[in-house]
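Chemist: Build me a model:
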Amino acid sequence: MSVRDLIPWGRNNGNQVPSLLRDDDRDPFLSLHREVNRLFDDVFRGFSSGLPSFGNAVTFGGGWPSVEVSDTEKEIKVTAEVPGLDEKDIEVLLNDGVLTLKGEKRSESEDKNRQFSERYYGRFERRIPLGVELKEDQVDATFRSGVLTVTLPKTEKAQSQVKRIAIKS
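Modeler: Have a look, this model is predicted:
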């Protein structure tokens, strides 16, 4: 079997590319193939994100929810966009220097006639390693207009570990 046999438009009809209006959208195997490809794309998109480093703001690429981390001398601020959710749908945990955002986004309706959707539904979990000592009893989380903001104050020891380095010309 050659790779060409796996491509639906490569079998027995030359190199003809399918048109935009296809009848093969109803083929369950092609639908399954597209869905598996989408799942792999979603998984590997998460590997493009890095770990937070010292600096003003780090935006994590890939994954849901979208997260932005700001690191100042006194605190770390994590902002997550979670449109369509309420605060009861989200859980915020802090354990061993790792901030975890967990929750679930449910579909608003059971539309059996829906043929295509790019919306995210289901459970999610984002783990963000913070790498500094925090005042865990003073951590604050607010939720407003689909945006979750978690403020994590640093301990005095963590604040004193920051060194300013003079730049010489």
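Chemist: how close does the nearest residue to residue 66 once chain neighbours are set aside get to residue 162?
Modeler: Nearest residue to residue 66 in three dimensions, chain neighbours excluded: residue 81, at 4.8 Å (C-beta to C-beta, 6 or more residues apart in numbering). All C-beta spots, glycine's among them, are computed from the backbone N, C-alpha and C. The gap separating residue 81 from residue 162 is 29 Å, by C-beta to C-beta, to the nearest Å.
Chemist: Return the set of buried residues in stretch 156-168.
Modeler: residue 158 (16 or more other C-beta atoms under 10 Å).
Chemist: Also stretch 30-40?
Modeler: Buried residues in stretch 30-40, counted by 16+ other C-beta under 10 Å: none are found.
Chemist: quick one on the thing from earlier: give me phi/psi at the residue nearest to residue 66?
Modeler: Per-residue torsions, residue 81: phi -90, psi 120 (degrees, to the nearest 10).
Chemist: Show the contacting residues for it.
Modeler: Counting by C-beta atoms under 8 Å, 6 or more residues apart in numbering, residue 81 makes contact with 65, 66, 67, 146, 147.
Chemist: what do you get if the cut-off is 6 Å, keeping everything else the same?
Modeler: When contacts are counted by C-beta atoms under 6 Å, 6 or more residues apart in numbering, residue 81 touches 65, 66, 147.
Chemist: can you check residue 139 too?
Modeler: By C-beta under 6 Å, 6+ apart, the contact set of residue 139 is residue 152.
Chemist: tell me, which helix in the chain spans the most residues?
Modeler: In the chain, with assignment by DSSP state H, the single longest helix is helix 28-45.
Chemist: pLDDT averaged over that one, what's the number?
Modeler: The pLDDT scores in helix 28-45 average 76.
Chemist: Output the contacting helices and strands for it.
Modeler: Using 3 or more C-beta pairs under 6 Å, 6 or more residues apart in numbering; DSSP states H and E, no helix or strand is in contact with helix 28-45.
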